[in-house]
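J.: Below is the structure, and that's it, no one-letter string:
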Ligand SMILES: C[S@@+](CC[C@H](N)C(=O)[O-])C[C@H]1O[C@@H](n2cnc3c(N)ncnc32)[C@H](O)[C@@H]1O
């Protein structure tokens, strides 16, 4: 896995330790992870209420558990898997059953999940196919996979890395490795291979909300649909 380190003054991106270093920012709605709050709300809206008692949602790369408030009342036991110990401590404080582990080798049994959420994680892993195989392995038949991530396109590299990482409070410098952005065709193909027919839709932050948020006049920003999946997109699919 690539690491973000100071290498002769140069930032090498996607350092897993970044999340430990910035742990104090996770739950600040106006902190450096603010966009993740907006995305967690949009992800939560894709998760229906549980259809059976004891239903489990596995949150891959759960960070500090920002999805938790958006699952309230839906009837899931929320299990979060992450590498970052500091983030997991915060997730546990927000009601998540925290499991320290790698999304490429999740220490949970096959078919344990009614829902698997992979929010803003696939663009951080060096092996997309392995991460998808793990997500699908965890799902029981009839279970739902929900994803949001960044597409491997020149437009996305420009907007999400070149631009966003230079705008204070929108993205932390070095958080994304452009080489790890997600090949949409490979994602769909790999999910299909594991029995999940994935449907994609493009989203972006509402520009009006973002302007009000930057002016300090809105607490959060809504995600709105866009006709292209070439930058930020959500995906959902049910396992056969
Ligand atoms: C961009 S954050 C997203 C967090 C959360 N899903 C959210 O949207 O608020 C990426 C998270 O993935 C975790 N992560 C990165 N690589 C991982 C891996 N291989 N296994 C488990 N967690 C990983 C990081 O520690 C971080 O908490």
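T.: Okay, I see it. Just so you know, these numbers come straight off a predicted model, no measurement behind them. Numbering: from 1, shown residues only.
J.: what does this structure have sitting close to the ligand?
T.: Contact residues, the chain versus the ligand (C-beta under 6 Å from any ligand atom): 16, 19, 36, 39-40, 61-63, 66, 81-84, 87, 102-104, 119-121, 124-125. Any C-beta I mention is one placed from the backbone N, CA and C, and that applies to glycine too.
J.: Mind checking which of the residues you listed are buried?
T.: Neighbour-count burial (16 or more other C-beta atoms under 10 Å) applied to the residues of the chain next to the ligand gives 19, 36, 39-40, 61-63, 66, 81-84, 87, 102-104, 119-121, 124-125.
J.: sorry, back to before: in strands, which of the residues of the chain next to the ligand fall?
T.: 81-82, 119 (DSSP state E).
J.: what stretches of the protein score poorly on pLDDT?
T.: Applying pLDDT under 70 to the chain picks out residues 1-12.
J.: Helices along that one, start to end?
T.: Using DSSP state H, the helices assigned to the chain run over residues 18-21, 34-44, 85-93, 128-138, 154-156, 184-193, 207-214.
J.: For the spatially closest residue to residue 13 that is not a sequence neighbour, give me phi and psi.
T.: Leaving aside its chain neighbours, residue 13 sits nearest to residue 177 (4.1 Å; criterion: C-beta to C-beta, 6 or more residues apart in numbering). Main-chain torsions, residue 177, degrees, to the nearest 10: phi -100, psi 110.
J.: again with residue 127
T.: phi -140, psi 90.
J.: re earlier: out of the helices of the chain, nearest to residue 172?
T.: With C-beta to C-beta as the criterion, residue 172 lies closest to helix 18-21 of these, at 6.4 Å.
J.: Any idea how many residues pack against the spatially closest residue to residue 190 that is not a sequence neighbour?
T.: Leaving aside its chain neighbours, residue 190 sits nearest to residue 132 (4.2 Å; criterion: C-beta to C-beta, 6+ apart). By other C-beta atoms under 10 Å, the residues close to residue 132 number 28.
J.: which residues does residue 132 contact?
T.: 122, 187, 190-191, 194 (C-beta atoms under 8 Å, 6 or more residues apart in numbering).
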